[in-house]
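> quick check, what structure comes out for this input:
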Amino acid sequence: MAKNKSVKTTKPKKVSHLAPDEWERSWQLYWKQAGFTPYELPVDDRNKANDEYQFLMTARTREGEIERLKRINAEFVRGFKGLSKLGPAVTVFGSARFKQNHPYYKLARQVGGELARQGFATLTGGGPGIMEAANRGAHEAGGASYGLNIILPHEQSINPYVDKSIEFRYFFIRKVMLVKYSCAFIVMPGGLGTLDELFEAATLIQCKKIGPFPLVLMGTKFWKGLREFGRFMMNEGVFNADEVGFGRITDSPEEAVDLIVRSLPPAVRAQLKPAE
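As a prediction, the model looks like this:
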């Protein structure tokens, strides 16, 4: 991934490393506070006879799996119907925790505006933080602004700058929709969810399951460690430089969107409708 100019960011907090016993206590406390999440075991006589089965909230039954498949199918259908008429779109990922006075929020807002000016619809997870900023920029510039919201215990409320929202229960279905209806991903600074979406897209591109599909990371300082780790991995031989050539790191919204426009096949580029 190429490097561009840097931006000023807030100084990150120091991370303390826990000893194994401290880590386990922290882990147990987390789940005690979060509440029990059931692990489904298949129903049989042995499970019915022991205390573990009684403790578990649900069981893996044939009937239950059929009902789950119905929910999954219905969610796919809802997503396909809701996005079927969407024109060229770009998904913007990033943390829900950045407030509107944060430099990354302001940068994502610029990204949304630039996407609209170049004729793209902006897709996000529909929540606060970076998602809100990108939707806000697109909305203010007169572009289409969509939110593909995931149902979570927290951080799941729809931001006010989404023109249309589609709600999902399953992460994997939402990710299918984001890939299926996007020309590219712009990845702002974020946490585990952002990394999950980043690496899933990178894997699909590397394996040529999707493409041409630029993967643009915004924030040279934030992604510095990932760039260095990527070089280390490449030197270890787990992938070649040309396998990740689709990636780019920059701080410029204009450069990011221009890279995406230039990557499009002519037929797709002709469908762009810049916001006025």
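
> mind naming the longest helix for this protein?
The longest helix of the chain (DSSP state H) is helix 62-83.

> what's the neighbour count on Asp196?
14 (other C-beta atoms under 10 Å). Heads up, the C-betas are built off the backbone N, CA and C, glycines and all.

> contacting residues for it?
Counting by C-beta atoms under 8 Å, 6 or more residues apart in numbering, Asp196 touches Phe171.

> low pLDDT regions in the stretch 51-200 of the chain?
Across the stretch 51-200 of the chain, residues meeting the criterion (pLDDT under 70) sit at 51-59, 153-156.

> can you give me the strands in the stretch 151-276 of the chain?
With strands called from DSSP state E, counting those that start in this stretch, the stretch 151-276 of the chain shows them at 164-168, 184-187, 215-218, 247-250.

> ok, which of those comes nearest Leu148?
strand 164-168 (5.4 Å; C-beta to C-beta).

> just how off-centre is that closest one within its chain?
15 Å (C-alpha atoms, centre = their mean, to the nearest Å).

> and the contacts of that strand?
By C-beta under 8 Å, 6+ apart, strand 164-168 touches 75, 78-79, 82-83, 126, 145-151, 158, 174, 177.

> report the angle between that strand and helix 62-83.
170 degrees (axes from the mean of the first three to the mean of the last three C-alpha atoms, to 10 degrees).

> just checking: what are the partner strands of strand 164-168?
Strand 164-168 pairs in its sheet with strand 145-150 (parallel), by DSSP bridges.

> extract the C-alpha set from the strand it pairs with and format it as CSV.
Listed next in CSV are the C-alpha coordinates belonging to strand 145-150 (Å, rounded to 0.1, in the frame of the first residue of the first chain):
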residue,chain,number,x,y,z
SER,A,145,-27.0,8.2,1.6
TYR,A,146,-27.8,4.7,2.7
GLY,A,147,-27.4,2.9,6.1
LEU,A,148,-27.2,-0.9,6.4
ASN,A,149,-27.7,-1.2,10.1
ILE,A,150,-26.9,-4.2,12.3
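
> run through the bridge partners of Leu148.
Bridge pairing for Leu148 - DSSP bridges - gives Ile166.

> now do the contacts for it.
Counting by C-beta under 8 Å, 6+ apart, Leu148 touches Gly79, Leu123, Thr124, Gly125, Gly126, Ser165, Ile166, Phe168, Arg174, Met177, Leu178.

> dump these into a markdown table; add neighbour count and distance to Val187 as well.
As requested, these are exported to a markdown table (neighbours: other C-beta atoms under 10 Å; distance: C-beta to C-beta, whole Å):
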| residue | neighbour count | distance to Val187 |
| --- | --- | --- |
| Gly79 | 21 | 21 |
| Leu123 | 30 | 13 |
| Thr124 | 32 | 12 |
| Gly125 | 32 | 12 |
| Gly126 | 27 | 17 |
| Ser165 | 15 | 21 |
| Ile166 | 19 | 21 |
| Phe168 | 22 | 19 |
| Arg174 | 22 | 16 |
| Met177 | 23 | 17 |
| Leu178 | 24 | 12 |
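
> and those residues, which two are furthest apart?
Gly79 and Thr124 (14.8 Å).

> wait, isn't Gln118 in contact with Leu272?
Yes: using C-beta atoms under 8 Å, Gln118 is in contact with Leu272, at 6.5 Å.

> more neighbours: these two, which one.
Neighbour totals were compared for Gln118 and Leu272, and Gln118 leads with 21 against 14 (other C-beta under 10 Å).

> please name the nearest non-neighbouring residue to the more buried one.
Excluding its sequence neighbours, the residue lying closest to Gln118 (C-beta to C-beta, 6 or more residues apart in numbering) is Val257, at 5.1 Å.

> swap in Gly129?
Gly129 sits nearest to Ala96 (C-beta to C-beta, 6+ apart), 3.9 Å away.

> now do Pro160
Computed as C-beta to C-beta, 6+ apart, the closest residue to Pro160 that is not its neighbour in sequence is Glu132, at 7.9 Å.

> show me the contacts for that neighbour.
Glu132 is in contact with Gln100, Tyr105, Thr124, Asn159, Pro160, Tyr161, counting by C-beta under 8 Å, 6+ apart.
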